[in-house]
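# Generate coordinates for the sequence data below:
(2 chains, ligands or ions: 1)
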Amino acid sequence: MTTQRTPSKLRLALLFAVTTVLAVAAGYWTSGYLLKGQAGLQDLQATHFNAARALQPFELLDHTGKAFTNNELRGHWSFIFFGYTHCPDVCPTTLSVLNSVATRLREQAGQTRYIFISVDPERDTPDKLGQFVSYFNTDFIGVTGTTEAIGQLTRQLGVIAARVEDGADAENYLVDHTASILLIDPDGHFHALFSPPLKAANIVSDFTRIAEAY
Amino acid sequence: MKLKGIALLTLFYSLIAAADSPLVVTEPWIREAPPGAGVLAAYMVISNRGTDTATIGTIESPDFKRIEVHRTLVEEGVARMVPVEALQIAAAGQVALEPGGMHLMLYHPKRPLREGDSVTLELQQSDAACIRVNVPVVRMTADDTADHHHHHH
Ligand SMILES: [Cu+2]
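Numbering: from 1, shown residues only, chains lettered A, B, ... in the order given. Modelled structure (predicted):
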């Protein structure tokens, strides 16, 4: 009995092994097929989402006072950075990087936009934001809005902004905020994320590959 | 070229100013603030040529109401600035204050500062001399230029 049971067990085990190998191979083949359009995106420094995320409707104001909604994110790529004008280190440094990105991508100026969204609407009026972003590049767009409207957008993007009070100097409070640059695709979907250390050359080469695979 | 000139000129001044201190400040610069910004940042490299750890307690300037040493930290993708209570430079060591890292926070400028201006910063070393550094205001709006600025340590 035992001598007969052993071969059948063996056969079962073999069958199982063969099935597993086939299933894994099929999995590889399918995923390879599905990722064909994203070939070469495995070694990006950017975080590239396999499925871009649609954004819920939001309504903000650009620095000229015009409405800034989901519509303004369609038909071109958008590089978005969240910050505030009273930020003397990270924000000017990041906007300088974005200016270098814009310079390197100037051939595609029609297909790319650069947007600085305030996480400090109390101090950042549209006018102030306009002066701030134009200092780096006159094509940059400053965006602000009510605290609720900004929160509605940051929450769905996973962007963090937290005010830190300064007891000694109430008007100069700091705001902790997400340090990454977000990339929105021409469908208006959240497509990728560039995280520090931010270098214009790296962002441009990643972006070029992402845009080609799109 | 212009930056190099300013850096060299400032290096010259710094060496004179620090004659009685083991600390030498090189490549100091203040980022010209975009319009409307009420807080500026200053960067520099501080070297300690002495045989003891040097501590900088307070930093003052006739051009600012208040100066703090900050460190920018990025944790879980979020940038925040934390005050550094005492800036310490190990014997024969150096500390770089640079964009996205340690920096001086210059609060409430008393006059508008534009590229080409310069500001005196007084670094008070605890139980030692005060170092006077002449710091140029520099317009920095591209990261390529920033790289260049930091390449000639
Ligand atoms: Cu700071």
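# Next SSE downstream of the helix or strand hosting B:V74?
For B:V74, the enclosing helix or strand under DSSP states H and E is strand B:64-75. If you walk from strand B:64-75 toward the C-terminus, the next helix or strand you reach (DSSP H and E) is strand B:78-83.
# And that next one, what's buried?
By neighbour count, and taking 16 or more other C-beta atoms under 10 Å in any protein chain shown as the criterion, the buried residues in strand B:78-83 are B:78-81. For glycine as for every other residue, the C-beta is placed from the backbone atoms N, C-alpha and C.
# Relative to the ion, which of these is nearest.
Sorting these by distance to the ion puts B:M81 at the head of the list, at 3.7 Å, by C-beta to the ion.
# and the closest residue in space to the closest one that isn't next to it in sequence, how many residues sit next to it?
Here the nearest residue to B:M81 in space, its sequence neighbours aside, is B:H70; by C-beta to C-beta, 6 or more residues apart in numbering or on different chains that works out to 4.4 Å. The criterion is other C-beta atoms under 10 Å in any protein chain shown. On that basis, B:H70 has 20 neighbouring residues.
# what sits against B:H70?
When contacts are counted by C-beta atoms under 8 Å, 6 or more residues apart in numbering or on different chains, B:H70 is found next to A:89, B:81-84, B:102-105.
# ok, A:R104 to chain B distance?
When distance is defined by C-beta to the nearest C-beta, to the nearest Å, A:R104 is 9 Å away from chain B.
# Phi, psi for that residue please.
Reported as degrees, to the nearest 10, the phi and psi values for A:R104 are phi -70, psi -30.
# Contacts only, for it.
For A:R104, the residues meeting the contact criterion (C-beta under 8 Å, 6+ apart) are A:200-201, A:204.
# Of those residues, select the buried ones using a PyMOL command.
Selecting in PyMOL just the buried members of the contacts of A:R104, where the criterion is 16+ other C-beta under 10 Å, is done with this command:
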select buried, chain A and resi 200+204
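# Can you list the buried residues in stretch A:181-200?
Taking 16+ other C-beta under 10 Å as the neighbour-count basis, stretch A:181-200 is seen to contain the buried residues A:181-185, A:188-194, A:196, A:198-200.
# typo on my end, stretch A:106-123
Under 16+ other C-beta under 10 Å, the buried positions of stretch A:106-123 are A:112-121, A:123.
# Between which two of the residues you listed is the distance greatest?
Every pair in the buried residues of stretch A:106-123 was compared (C-beta to C-beta); the two farthest apart turn out to be A:T112 and A:R123, at 28.2 Å.
# quick one on the thing from earlier: does any part of the strand holding B:V74 sit near the ion?
Yes: under the criterion of C-beta under 5 Å from the ion, strand B:64-75 makes contact with the ion via B:H70.
# what pLDDT, on average, does that strand get?
Per-residue confidence for strand B:64-75 averages out to 96 on the pLDDT scale.
# tilt between that strand and strand B:78-83?
For strand B:64-75 against strand B:78-83, the angle between stretch directions is 140 degrees (axes from the mean of the first three to the mean of the last three C-alpha atoms, to 10 degrees).
# Pull out the buried residues from strand B:64-75.
For strand B:64-75, a neighbour-count test (16+ other C-beta under 10 Å) marks B:64, B:67-70, B:72, B:74 as buried.
# how far out from the middle of the chain is that strand?
The chain centroid and the centroid of strand B:64-75 are separated by 11 Å under C-alpha atoms, centre = their mean, to the nearest Å.
# which residues of the chain fall in helices?
I'll assume chain A. With DSSP state H applied, chain A shows helices at A:2-34, A:90-104, A:126-136, A:147-157, A:200-213, listed in chain order.
# my question was about chain B
Along chain B, counting by DSSP H, helices occupy B:2-17, B:143-151.
# so what's A:D127 up against?
The neighbourhood of A:D127, defined by C-beta under 8 Å, 6+ apart, consists of A:H63.
# again with B:R111
In this structure, B:R111 makes contact with B:D63, judged by C-beta under 8 Å, 6+ apart.
# Ramachandran angles for it?
When read as degrees, to the nearest 10, the backbone of B:R111 gives phi -150, psi 160.
# Just the pLDDT at it, thanks.
Taken from the predicted model, the pLDDT recorded for B:R111 is 94.
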